[in-house]
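Peer 1: Build me a model from this:
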Amino acid sequence: QVQLVESGGGLVQAGGSLRLSCAASTRTFSSYYLGWFRRAPGKEREFVAALAWSGTWTNYADSVKGRFTISRDSAKNTVYLQMNSLKPEDTAVYYCAAARGATVIHSLYDYWGQGTQVTVSS
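Peer 2: Numbering: from 1, shown residues only. Next up is the predicted model:
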């Protein structure tokens, strides 16, 4: 069983930055893919970014390319989402998730965190 705990959300003005963290309970993450998804009010959950724990693969949604960066710290068993140049449309609950394969499809992720709220004011 993998437990994921997100942190780092909050309120920020447009153009600002936030860094989300996702701490994982397992120490056998070498075969996993970690992703960030978000759900805005009244909208479907959407893919944001993902990476292979091995470091061999990353993927970003077009809407965040050039602004968001996903990374991981193996020693801390933590994956990060650095969000720069934030826009009001980035406002959502952000979720960390883990999957066994490289995918951007949320239904293929097996484990999920509880989510952290990000609010960007204009």
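
Peer 1: The residue at minimal distance from the centre of the chain is in what secondary structure piece?
Peer 2: Among the residues of the chain, the one closest to the centroid is Trp36, at 2.4 Å (Cα atoms, centre = their mean). Counting by DSSP states H and E, the element that carries Trp36 is strand 33-39.

Peer 1: And the next helix or strand after that strand, what's buried?
Peer 2: The first helix or strand that comes after strand 33-39 along the chain, using DSSP H and E, is strand 46-52. Buried residues in strand 46-52, counted by 16 or more other Cβ atoms under 10 Å: Phe47, Val48, Ala49, Ala50, Leu51, Ala52. Using the backbone N, CA and C atoms, a C-beta is placed for each residue, glycine as well.

Peer 1: ok, of those, which one's closest to Lys65?
Peer 2: Ala49 (9.1 Å; Cβ to Cβ).

Peer 1: quick one: the closest one and Asp62 touch, right?
Peer 2: No - using Cβ atoms under 8 Å, Ala49 is not in contact with Asp62, being 11.2 Å away.

Peer 1: Arg45 contacts Gly35, doesn't it?
Peer 2: No - applying Cβ under 8 Å, one finds Arg45 not in contact with Gly35, separated by 11.0 Å.

Peer 1: re the thing from before, now the strand holding Trp36 against strand 46-52, angle please.
Peer 2: 170 degrees (axes from the mean of the first three to the mean of the last three Cα atoms, to 10 degrees).
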